[in-house]
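Q: pasting the sequence and the predicted model now:
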Amino acid sequence: MKNVDKFAVAEVTLGSAVANSGTFDVPYPSGTTQNSFNAGLNGSNISMWVNNNDKYDSTKFSLSFGASVITVTNSTGASLAAGSTIRLNLDQVDGNDVAILAFPVELASITGAQDVVTDFRPGFDGTIEDVSFAVDKPVTTASKLATLTPAIGGVSTTGGAVALTSAGATPMGKVVQGSAVTGANTFTRDSKLSIKATGVTAFAEGNGTLYVRCRRAVANAY
C-alpha cells in the first residue's frame, strides 16, 4: 500500500479585490494551527485555486504562517476579484518518525567564524525541520553573541539560525528557538552535517545543547 500525502485545505471568499503583490488572510484549516506548518512541517507541493478554475503553483503566491491566520501574498501578476473563492491545498510533511540530534556546545570555545560540529553523518534520509539551543550553564558576561546554523555538505540551511546573545542565554533551562527552516534542508544517508558559527563576539562562559530535529523521509510502501 502506497503512502498517501497529507494535505490540509484552507478556503476563503475575498471581501475585496487583491492587487498583484497585495495580501489577504485565510483561516487555518480545521484541526491545524501555526505549529502544523512551522518548523519545516509544511511541504513543497502546495497550490492555490481561484473559483475552482484557475490553479497556481507556489511561484505565483507565497505564504506566511501567523499565530492565528495564514497570510497569502498574490504574485499571479493580476488582481484577484472581490467575491472570488480561494482554496489553498497545503502539503504537510508525511510521517511521524523524528530523530533529535543533540550537540553539546561550550560557548567560550567558539572564538570566531568556525565549525562547531564538522561532518557528522546522521545515516538516514530526511530533512532538518527545526533547530534550538537549550541553556545548561547561563551566560553572565554581557554583550557576547554567536549565531549557529546547520549546513549539509557545507551548504547552510535557509533559516534554522539560532542567534545566541548574552541576554538570551540565561537562565538555566532557557530554550533559544532558531529561525524557521525554509530550504536547503534535505539530506541523504550519505550526507554530512555541520554546525557553523558566524557573527561571533566570543563568550566568556556558558554552555548548552544544540538540538537539531530531523524528520526521516517516508518511503513509499507497496
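A: The structure has been received and is ready for your questions.

Q: so for this protein, the centremost residue is which one?
A: Central residue of the chain (CA atoms, centre = their mean): V181, 2.5 Å from the mean position.

Q: in which helix or strand does that residue reside?
A: Using DSSP states H and E, V181 maps to neither a helix nor a strand.

Q: distance check, it against P122.
A: 15 Å (CB to CB, to the nearest Å). In this view, the C-beta of every residue, glycine as well, is placed from N, C-alpha and C.

Q: can you check A134 too?
A: Distance from A134 to P122, by CB to CB: 20 Å.

Q: with neighbour numbers in mind, choose between those two.
A: Of the pair A134 and P122, P122 is the one with more neighbours under other CB atoms under 10 Å, namely 20 against 14.

Q: can you classify the more buried one by secondary structure?
A: Following DSSP: H, G, I helix; E, B strand; the rest coil, P122 is assigned to coil.

Q: other residues contacting stretch 58-66?
A: Contacts with stretch 58-66, where a contact means CB atoms under 8 Å, 6 or more residues apart in numbering, come from 25, 34, 37-38, 42, 44, 46-48, 70-77, 88, 90.

Q: next one: stretch 155-164
A: Around stretch 155-164, the neighbours that count as contacts under CB under 8 Å, 6+ apart are 107, 128, 130-133, 145-151, 176-185, 196, 199, 210.

Q: tell me the gap between that stretch and the middle of its chain.
A: Relative to its chain's centre, stretch 155-164 lies at 10 Å (CA atoms, centre = their mean, to the nearest Å).

Q: same question for it, mean pLDDT?
A: Stretch 155-164 carries an average pLDDT of 95.

Q: ditto for stretch 58-69
A: pLDDT averaged over stretch 58-69 gives 90.

Q: start to end distance for it?
A: One end of stretch 58-69 to the other measures 18 Å (CA to CA, to the nearest Å).

Q: list the buried residues of that stretch.
A: 60-61, 63, 65, 69 (16 or more other CB atoms under 10 Å).

Q: in strands, which of these appear?
A: Among the buried residues of stretch 58-69, the members falling in strands (DSSP state E) are 61, 63, 65, 69.

Q: most widely separated two among those residues?
A: Pairwise distances among those were taken by CB to CB; the largest, 14.9 Å, belongs to F61 and V69.

Q: quick one on the thing from earlier: turn the buried residues of stretch 58-69 into TSV, including distance to N96.
A: Converted to TSV, those look like this (distance: CB to CB, whole Å):
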residue	distance to N96
K60	31
F61	28
L63	23
F65	20
V69	26
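
Q: among the ones in strands among the buried residues of stretch 58-69, which one sits closest to P171?
A: Nearest to P171 among these, with distances taken as CB to CB, is F65, at 29.5 Å.
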